[in-house]
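Novice: what follows is a predicted structure for the sequence shown.
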Amino acid sequence: MIPSTVDTTNSDDTSLNQDNTTPSLNYIQEAKRKQFLERMEKRNEEMKNKRNQEVKENPTVFWNAFNELISQQKQASELQQFLNQHVHYLPNYDVRKADEKIKKIQEELKKDKKVFSFKKKAPSSESLQKKETQNVVVEETPSIKLETNKTVVDLSRVPSGYIHEVAPTKENESFAICNGNQNHVRIRHIIGAVYISNLVDCTIELGPVNGAIFLSKCQNCKFQLACWQLRIHDSTGCEFLICPKNNPIIENCSGLQFGRYSLEYEGLDTQLKSCDMVVEDDNKNKWNRVHDFNWLKTNEPSPNFIYL
């Protein structure tokens, strides 16, 4: 009986020891995993900083990689993303030159699409009459060249002072907003790319744009915009309260003002989070890193815009 009692005690002790050591092993493994991830993150950050410094000191490093992407027949969007990653470290001349190359590639792609496109069937009188009664019109306008998958909000069809509430009909729908005078447009949904042109004394309030915003020929307007990329051309006297994930770019503009995105409505915080946009984080919200393609002096601020 005595050996049996001793064996039982030893067995219990072993079980207790195993129970006590298991949490310790898990804790050690988790600590090692965190240390490894931290080291990898630090290494990646160091490599990124080193590459950016090399680009800053010698733009040829950027051009070698950029031309390699072109030789691999990468899409224009991938080239634009690569440029955006380095735009803060490149001289304005190199940024402009790369941007011109990307535009040329986009134009060549459009020409190729036209060669193989079918002619659009003329709309019937019944369908034209139906479109006239809609606030949101899906058709091309003379002021902006569009693909067929853009929904056009033509403000010339509504009276001045009209508040235009627009709701997308599908996920990541792209819009064109054009030809407005003293109009107010609101879109409180996540949408795709947005093209804005020919607006005077208008207010445009957009929820998160899960893509780029291209804006041209606007005067004395106010904008609330959250997007991945913002490009502004040929505009004057406009105020932009923005949350862009990449550095905004302006060209042929004057009298612009830039501040932090301040739009508020129910559900906006959830929408911003789903698009990885953080208004108060200046590492993600680059509202105050505007690049002016018409101002090449790096030691003097551009006279064409100010920060609010």
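Specialist: Arrived safely, thanks for sending.
Novice: residues touching Asp276, list them.
Specialist: By Cβ atoms under 8 Å, 6 or more residues apart in numbering, the contact set of Asp276 is 245, 284. For every residue, glycine as well, the C-beta is placed using N, CA and C.
Novice: report how many residues lie close to Gln35.
Specialist: If you count neighbours by other Cβ atoms under 10 Å, Gln35 ends up with 10.
Novice: distance of Ile213 from Tyr307?
Specialist: Distance, Ile213 to Tyr307, using Cβ to Cβ, to the nearest Å: 19 Å.
Novice: compare neighbour counts for these two and give me the winner.
Specialist: Counted by other Cβ under 10 Å, Ile213 and Tyr307 do not tie: Ile213 has more neighbours, with 25 against 12.
Novice: doesn't that one lie inside a strand?
Specialist: Yes: the assignment for Ile213 (DSSP: H, G, I helix; E, B strand; the rest coil) places it in a strand.
Novice: verify the contact between it and Ser197 for me.
Specialist: No: taking Cβ atoms under 8 Å as the definition, Ile213 is not a contact partner of Ser197, at 11.3 Å.
Novice: hang on, isn't Ser262 packed against Leu225?
Specialist: No: contact criterion Cβ under 8 Å: Ser262 and Leu225 do not qualify, at 11.2 Å.
Novice: any residues in contact with both of those two?
Specialist: Leu241.
Novice: so which of the two has more stuff around it?
Specialist: Neighbour totals were compared for Ser262 and Leu225, and Leu225 leads with 24 against 10 (other Cβ under 10 Å).
Novice: for that one, what is the enclosing helix or strand?
Specialist: strand 222-233 (DSSP states H and E).
Novice: and Ile163, what are its phi and psi?
Specialist: With angles defined as degrees, to the nearest 10, Ile163 sits at phi -90, psi 120.
Novice: point to the helix or strand of this structure where mean pLDDT is at its lowest.
Specialist: helix 125-132 (a mean of 44; mean pLDDT, DSSP states H and E).
Novice: now the strands for the chain?
Specialist: In the chain, the segments counted as strands under DSSP state E are 150-154, 163-165, 174-181, 184-187, 194-200, 203-219, 222-233, 239-244, 249-251, 256-260, 291-292, 305-307.
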